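Student: Everything below, folded, please.
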Amino acid sequence: MSNLRIKHPTKQLTGNITLPASKSICNRVLVLNKVLSSNTVIQNMSTADDCLIMQHALQQTQGSVDVKNAGTCMRFLTAYYASTPHTNVILHGSERMHNRPIGALVNALIQLGADIDYIDKEGFPPLRIKGKNLHGGVATVDASISSQFVSALMLVAPNFKNGLSIRLGKHTVSKPYISLTSDVLKQFGVDVTLQDDVVIRPYHTLTKTETFFIEPDWSAAAFWYQLLAMAVSGNIQLNNIKPKSAQGDAMIAEYMESLGVNTIYTKQGSTLDKNNNILEQAHYDMLNYPDMVPAMAVLMCALNIPCTFVNVAHLQAKESKRLTVLCKELVKCGFDISNNGNELLINKIEKESLIKPISINTYQDHRMAMAFAPLALLFNDLVINDSQVVEKSYPHFWDDLRKVGFEITTEP
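Tutor: Residues are numbered from 1 along each chain as shown. Below is the predicted model of the structure:
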């Protein structure tokens with residue numbers, strides 16, 4: 001486990017950054033390529049841990065499959081193994097993974113005829129899965145915890161003899177990720193209708209792409225907006241990142257216009273520039289954008305802007321209990337932040353209330369490490385514990401910080 005001390009001598013950020021490929025898109029493409037036995041050439045493959053885990057797991061059909069703390073892998077592979085004949089696996093992960101709910105997905109698959117058993121606690125991994133041909137039909141899914149339950153079914157449905165109609169519950173979270181899955185399916189030639197419910201017809205080749213380029217990760221871009229908003233001055237070029245994206249977290253560009261950062265789109269990608277637009281207070285509905293909450297919550301505290309984030313209860317089922325740990329680490333720094341279950345509340349503080357923390361704990365959560373690193377600009381330096389957690393989605397994050405002038409050293 002490596003702890004890093006981070007500092008920036010000038011607080012002026014200028015650089016040219018190539019973001020990692022989207023692990024969300026990558027894992028969808030990997031599963032779909034396998035399901036359809038496709039020869040589509042995948043370009044710009046992600047090297048994130050979650051994608052390496054997925055690639056390895058898709059080669060396994062028997063025995064123990066360990067997905068560690070990769071939630072996308074757990075959900076997508078549950079559906080994949082359940083619908084793949086002659087598969088017999090025990091699907092498990094980290095201690096935290098065994099406390100992340102999966103019952104809604106398992107229930108939907110059992111509706112479709114799947115053979116899945118809980119090994120320990122009902123509704124949670126680990127799972128024993130015996131794969132078989134599923135014919136499809138209609139499944140009802142409670143996606144109030146994760147839209148990945150829906151995406152998992154969508155990715156394996158093209159081979160169902162009767163296709164699949166997914167009836168969504170009333171409080172579906174992170175809907176842009178369902179749209180993202182639909183977009184990937186269509187590029188592979190799968191016939192999808194996405195309205196109040198989701199309909200996927202039995203696979204027949206429509207116009208499909210022979211190559212698939214995996215876009216840079218807009219979720220990772222959020223941390224660069226956060227960094228620039230907290231810097232004294234600067235200009236950041238994000239290579240190859242475009243405005244027309246199926247990734248919901250592209251919304252960060254719009255949010256940040258009123259938090260100090262403009263986005264200028266060019267042939268090369270996106271240029272981030274400082275502006276003087278700073279809100280006096282803010283209110284955000286994060287039902288569809290949970291992955292942006294860590295970066296934005298830390299930013300609002302650092303800018304001392306009173307803010308309310310609503311519809312955030314599903315963050316408690318992420319890699320960490322994100323509402324709880326965000327509040328714990330930010331309160332440690334002297335900020336006034338709390339949550340009441342489905343709201344995250346930030347109040348203005350007096351400057352003398354700030355307390356430079358000894359270190360920031362990351363709770364095995366990649367977004368905690370990346371969201372808190374920019375506080376080095378506020379406190380002059382900062383120690384991030386277990387810094388290697390970024391490898392889950394952004395393996396070269398610390399190297400990219402060095403490119404814009406951060407000094408990073410290993411702590412004993």
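
Student: Point out where the stretch 201-350 of the chain drops to low pLDDT.
Tutor: 204-209 (pLDDT under 70).

Student: need the strands for it, in chain order.
Tutor: 211-213, 233-239, 259-265, 269-278, 282-285, 307-310, 336-339, 343-347 (DSSP state E, counting those that start in this stretch).

Student: Show me what the first one is packed up against.
Tutor: Same thing as strand 211-213. strand 41-43 (3 or more CB pairs under 8 Å, 6 or more residues apart in numbering; DSSP states H and E). Yep, even glycine has a C-beta here, placed from its N, CA and C like the rest.

Student: The strand it packs on - what's its average pLDDT?
Tutor: For strand 41-43, mean pLDDT rounds to 91.

Student: what residues does it touch?
Tutor: With contact meaning CB atoms under 8 Å, 6 or more residues apart in numbering, strand 41-43 is reached by 26, 29-30, 33, 210-214.

Student: so which pair among these is furthest apart in space?
Tutor: 26 and 210 (17.9 Å; CB to CB).

Student: So which of those two has more stuff around it?
Tutor: residue 26 (27 against 8; other CB atoms under 10 Å).

Student: from what I can see residue 57 touches residue 77, true?
Tutor: Yes. Shown here, residue 57 and residue 77 form a contact pair, counting by CB atoms under 8 Å, at 5.5 Å.

Student: what about the two, which has more around it?
Tutor: Remark: of residue 57 and residue 77, residue 77 carries more neighbours, 26 against 22, as counted by other CB under 10 Å.

Student: That one belongs to a strand?
Tutor: No. Under DSSP: H, G, I helix; E, B strand; the rest coil, residue 77 sits outside any strand and is assigned helix.

Student: Any figure for the gap between residue 202 and residue 185?
Tutor: According to CB to CB, to the nearest Å, residue 202 stands 13 Å off from residue 185.

Student: joint contacts of those two?
Tutor: With CB under 8 Å, 6+ apart, residue 202 and residue 185 have common neighbours residue 158.

Student: who's more crowded, these two?
Tutor: residue 185 (25 against 16).

Student: Which of the three states applies to the more buried one?
Tutor: Classified using three-state DSSP, residue 185 is helix.

Student: Enumerate every residue touching it.
Tutor: 32, 154-155, 158, 192, 200.

Student: Which pLDDT value belongs to it?
Tutor: pLDDT, residue 185: 93.

Student: neighbouring contacts of stretch 174-184?
Tutor: By CB under 8 Å, 6+ apart, stretch 174-184 touches 24-25, 28-29, 32, 143, 146-148, 150-151, 154-155, 172, 192, 194, 198, 246-249, 287-290, 314.

Student: Output stretch 380-394 as PDB, nothing but the C-alphas.
Tutor: Taking C-alpha atoms only, stretch 380-394 is exported to PDB below (Å, rounded to 0.1, in the frame of the first residue of the first chain):
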ATOM      1  CA  ASN A 380      -0.300  23.400   0.200                       C
ATOM      2  CA  ASP A 381       0.400  19.700   0.500                       C
ATOM      3  CA  LEU A 382      -1.600  16.600   1.400                       C
ATOM      4  CA  VAL A 383      -1.000  12.900   2.000                       C
ATOM      5  CA  ILE A 384      -3.300  10.400   0.200                       C
ATOM      6  CA  ASN A 385      -3.300   7.000   1.800                       C
ATOM      7  CA  ASP A 386      -3.500   3.800  -0.400                       C
ATOM      8  CA  SER A 387      -3.000   5.800  -3.500                       C
ATOM      9  CA  GLN A 388      -2.900   2.700  -5.800                       C
ATOM     10  CA  VAL A 389      -6.700   2.500  -5.700                       C
ATOM     11  CA  VAL A 390      -6.700   4.800  -8.700                       C
ATOM     12  CA  GLU A 391      -5.600   1.800 -10.800                       C
ATOM     13  CA  LYS A 392      -9.300   0.700 -10.800                       C
ATOM     14  CA  SER A 393     -10.200   3.400 -13.400                       C
ATOM     15  CA  TYR A 394      -7.300   5.800 -14.000                       C
END
